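Colleague: Build me a model:
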Amino acid sequence: MIAFIIDIVLTGGFVAYGMNTHDSPWSDFPVTAAPFVIALVIAWLIIPRVREQPFSLVSGAIVALLTAGIGLALRAGFGQGVSGAFPIVATVMIAALFLGWRLIALLINQIRQKQQSA
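Modeller: Here you go, the predicted model:
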């Protein structure tokens, strides 16, 4: 559950950062975030591995790709922009965020294991 919460928070942060960069009104946050949050929930629901091994890098990659892909498709379906470099930037940012925190957690876990075995 903690991994899902981290992914949700980072998704919100991704959307908030993008909105701030483009001077979008904060009242648009729910509508702007909705496609990516819905996609994230779908990714967590349809892929058992993600729920079984939520901290793995493979799970992070799966969640990132599904969140970006489905999120961009929903965004287009909701009539929001997906032109230019946005799909690339969104995919790279989501992947960096979802894989980044998992990599940090993995490294911390490895350091702790080495300290305990020493």
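
Colleague: Okay, residue 100 and residue 7: tell me how far apart.
Modeller: 11 Å (C-beta to C-beta, to the nearest Å). For the C-beta atoms, the positions are set from N, CA and C on the backbone; glycine is no exception.

Colleague: What number of neighbouring residues does residue 85 come out with?
Modeller: 8 (other C-beta atoms under 10 Å).

Colleague: out of residue 100 and residue 7, which sits in the busier spot?
Modeller: Neighbour count, other C-beta under 10 Å: between residue 100 and residue 7, residue 7 has more, with 27 against 12.

Colleague: wait, isn't that one in contact with residue 41?
Modeller: No: in this structure, residue 7 is not within contact of residue 41 by C-beta atoms under 8 Å, at 9.7 Å.

Colleague: buried sites along the helix or strand hosting residue 106?
Modeller: Secondary structure assigned from DSSP states H and E places residue 106 in helix 86-117. Within helix 86-117, the residues that count as buried by 16 or more other C-beta atoms under 10 Å are 87, 90, 91, 93, 94, 95, 97, 98, 99, 101, 102, 105.

Colleague: Using JSON lines, lay out these together with pLDDT and distance to residue 49.
Modeller: Shown next, in JSON lines, are those (pLDDT from 0 to 100; distance: C-beta to C-beta, whole Å):
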{"residue": "87", "pLDDT": "96", "distance to residue 49": "25"}
{"residue": "90", "pLDDT": "96", "distance to residue 49": "23"}
{"residue": "91", "pLDDT": "97", "distance to residue 49": "20"}
{"residue": "93", "pLDDT": "97", "distance to residue 49": "23"}
{"residue": "94", "pLDDT": "98", "distance to residue 49": "18"}
{"residue": "95", "pLDDT": "98", "distance to residue 49": "17"}
{"residue": "97", "pLDDT": "98", "distance to residue 49": "19"}
{"residue": "98", "pLDDT": "98", "distance to residue 49": "14"}
{"residue": "99", "pLDDT": "98", "distance to residue 49": "15"}
{"residue": "101", "pLDDT": "98", "distance to residue 49": "18"}
{"residue": "102", "pLDDT": "98", "distance to residue 49": "13"}
{"residue": "105", "pLDDT": "96", "distance to residue 49": "17"}
